[in-house]
Structures are given as C-alpha cells and as structure tokens.
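> take a look and give me a structure for this.
(2 chains)
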Amino acid sequence: MRNSFVKQSFLVLGLLFSINTFAATPQELLKQYEVQAKQENAAFASLSAERGANFFKAERTHSDGKKVSCATCHTSDPRNQGKTRANKVIEPMAIIANPQRFTDAAKVEKWFSRNCKDVLERVCTAQEKGDYIQYLISVK
Amino acid sequence: MKKWMQLLVLITSITSAGTLLASGGFGEGGEGGSSAMPPVTNAKWKTECGSCHMVYHPGLLPERSWNKVMAGLDKHFGENASLDALTHDEITKFLAANSADKQTNRRSSRINQSIPANATPIRISETRYFTSKHDEVSPNTFKRKSVGSASNCVACHKGAEKGDFSESQVKIPR
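A predicted model of the protein is given here:
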C-alpha cells in the first residue's frame, strides 16, 4: 500500500511537470530569439521595442489586394482585445493586460508561423519575433 | 490509506454521474428523439479550431468534406491555420468519426443527403440543406454587424457549438 502511494505521488508530480513542458517566461523567450538572431545575422546588435512597435503597426498590401498589419486583428493598442476575421475575441497581446502572453514557447511559435505568413506572406526572422515580444513587454 | 482511495472512487463516480446527467444521457432535450446532433467534444478541436472561429459540429459535413478542409489548412478560407502533424491527425480523426455520414441523427442525415455524391463542399452554408433552411433569412440580415456572416452560426443559434440548431432556440439579433 505504502509503495503504491509513493508511485501515485510520482505519477501526479510527473503529470504536473509534463503540463509545464513548454512553460517559459517572456524573458526566456527573448533570450532564445536573441541568440537565434545573432546566428541569423552577424551584424545583429540587440532587440528593440521601438522596432517592434513599428513592426506591429506597419501596414502592407497583401497579394489579395487588402491592407494588413498585426494591428488589423489585434487593434492598434495591444492592451485592447482584438477580433479574428471570424468574429472571435483575441485576448490582449500586451503583457500588462494579459500576463499569460509569451509563457508557452510552442504556442508562440505556432502563432508566429501562421500570422507571419498571413500578414507578411513569409516567415518572420528571429529578430522580428524578439523585437515584437520586447515591444509587448514594454507597453505600460 | 484505504479511506483515501475510497474517497477518490466516490468522487469519481459522483462526477461521472453528474456528467452523464448534464449531457442528457437519460433522454434527448430540445428537438426530441434522434433529430438533434449529439454533443461531441475533443480538447484539441476546441482549442485549435475554436481560437479563430466558433467550433463547427463534425455532424455538419460528411467525412470527405472534413478531409478536404484539413488537407488545406495552409490556405484555410484565406488564412494560414497550419497544425503540427500530431494535432492535425487527432482532429482529422475526431471530425471523421463524428461526421454527417457517420451520424444517425436526422439533421446530419439530411445535410448529407442534400449533398450530391460528386460534390465535396467545405462550406456548410453552401449545402442545399442550409440554403433551404435559411431561405427566409435575407442576405442583409446575415451581413448585420451582430451576425457577421452566414458562417457565424452562434449569432442566432446559441447552442450551435454543442450541435443544437433547434428552431425554438433561434434568436436573430438586431
């Protein structure tokens, strides 16, 4: 009996850890993108919240003729809730308004991968991703 | 120790009995009989599909339609909705297993029958079943800000995500 209790405790502990496999802090993610940015570009110096802010708002014309930016769905104030094209609420991107942001590495990569292709029609560079997160951390 | 385990068993059985009751396990609500689509769920389907749009009950389209939707996620109605291979596989299987051609309820069967055998629609709103059921709703009503488009079922059918499309529950917003 005692042995099975120990086993159960380990099982519960194991489950708790596996749920947190991808858990990260925004700062940890920034570090990862910084390292990657250096690998991608030898001239890279440091991440910039200002560049990130410009990136967030920069509008471009998509090949379908429509003007798009990150702000199209997220609104120009990242402290606000946004809306998908299919009418679903998107929780705020700024950490001050939504502390859950940038705490799950896999989720962050999934959305960069989708949304960069939708808005820019290409993948984003590590520097762009890092700048973007830096900006959303800096918004007060 | 034994008490601890007994308690666990007790809690588990109470919870599952509650779930059974809540899911209408002892009789159908709403339209009665086999007309309503049974509520089905899958955690990945709910999070992945549901983060961009309402979740469409798998019983709304036949398996070949879902397969076509899932094969084109890189250009999903104009957006990139790509999934990792494992998640993609799980959701595709869930959709197939509960698709309109696998359901026994009347609504799913009728949707399925309204689709010609040589057609594979990926828009529910393009099936003959849908158009005939909504022929009294004007295009302008669908365009209302409170509705968005014909693909936003939940605007008027509150229980749509659970598969409840019964007429008595319809409320068209202003």
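> so which residue of chain A comes closest to chain B?
residue A:86 (3.5 Å; CB to the nearest CB). Bear in mind the C-beta positions are built from the backbone N, C-alpha and C, glycine included.
> count the residues that sit near that residue.
Neighbourhood size, residue A:86 [other CB atoms under 10 Å in any protein chain shown]: 14.
> what's the answer for residue B:98, then?
Applying the criterion other CB under 10 Å, we find 23 residues in the vicinity of residue B:98.
> please name the residues that touch the closest residue in space to it that isn't next to it in sequence.
Distances taken as CB to CB, 6 or more residues apart in numbering or on different chains place residue B:58 nearest to residue B:98, at 3.8 Å, with adjacent residues excluded. Residues in contact with residue B:58, defined by CB atoms under 8 Å, 6 or more residues apart in numbering or on different chains, are B:40, B:66, B:94-100.
> ignoring the adjacent residues along the chain, who's closest to residue B:96?
residue B:63 (4.7 Å).
> the one you found contacts residue B:93, correct?
No: with contacts counted by CB atoms under 8 Å, residue B:63 stays clear of residue B:93, the gap being 10.4 Å.
> okay, those two: which has more neighbours?
residue B:63 (19 against 13).
> now the more buried one: how far from residue B:101?
Plainly put, residue B:63 is 6 Å away from residue B:101 if you go by CB to CB, to the nearest Å.
> gap between residue B:128 and residue B:160?
Using CB to CB, residue B:128 is found at 19 Å from residue B:160.
> can you give me phi and psi for the residue nearest to residue B:96?
According to degrees, to the nearest 10, the main-chain angles of residue B:63 amount to phi -60, psi -40.
> list the contacts of it.
By CB under 8 Å, 6+ apart, the contact set of residue B:63 is B:95-96, B:99-102.
> what is the burial count for residue B:41?
Taking other CB under 10 Å as the criterion, the count of residues near residue B:41 is 14.
> wait, is it part of a strand?
No: going by DSSP: H, G, I helix; E, B strand; the rest coil, the assignment for residue B:41 is coil, not a strand.
> can you report how many residues neighbour residue B:110?
As a burial measure, residue B:110 scores 16 neighbours (other CB under 10 Å).
> in what helix or strand does it lie?
Assessed by DSSP states H and E, residue B:110 sits inside helix B:106-113.
> for that helix, packing partners?
Packing contacts for helix B:106-113, counted by 3 or more CB pairs under 8 Å, 6 or more residues apart in numbering or on different chains; DSSP states H and E, involve helix B:128-133.
> any idea which helix or strand comes after the helix it packs on?
helix B:139-143.
> quick one: stretch B:151-162 near chain A?
Yes: with CB under 8 Å from any CB of the partner chain as the threshold, stretch B:151-162 lies in contact with chain A, specifically through B:151-152, B:155.
> next, the distance between the ends of that stretch.
Start to finish, the residues bounding stretch B:151-162 are 16 Å apart (CA to CA, to the nearest Å).
> same thing with stretch B:140-150?
Counting by CA to CA, the length from the leading to the trailing residue of stretch B:140-150 is 10 Å.
> any buried residues in it, and which?
Of the residues in stretch B:140-150, B:141-142, B:147-148, B:150 count as buried by neighbour count, 16 or more other CB atoms under 10 Å in any protein chain shown.
> so who does the residue nearest to the spatial centre of chain A touch?
Per CA atoms, centre = their mean, the C-alpha nearest to the average position across chain A is that of residue A:108, at 3.9 Å. Counting by CB under 8 Å, 6+ apart, residue A:108 makes contact with A:29, A:102, A:129, A:133.
> got a list of what the last one touches?
Right, residue A:133. Applying CB under 8 Å, 6+ apart as the definition, the contact partners of residue A:133 turn out to be A:26, A:29-30, A:33, A:47, A:52, A:102, A:108.
> could you do the third one as well?
Applying CB under 8 Å, 6+ apart to residue A:129 gives the contacts A:33, A:108, A:112.
> narrow those to those in strands?
Judged by DSSP state E, those include no members of strands.
> including distance to residue B:136, could these go into TSV?
As requested, the contacts of residue A:129 are exported to TSV (distance: CB to CB, whole Å):
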residue	distance to residue B:136
A:33	54
A:108	46
A:112	44
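> so of these, which ones are in helices?
Secondary structure assignment by DSSP state H places A:33, A:108, A:112 of the contacts of residue A:129 in helices.
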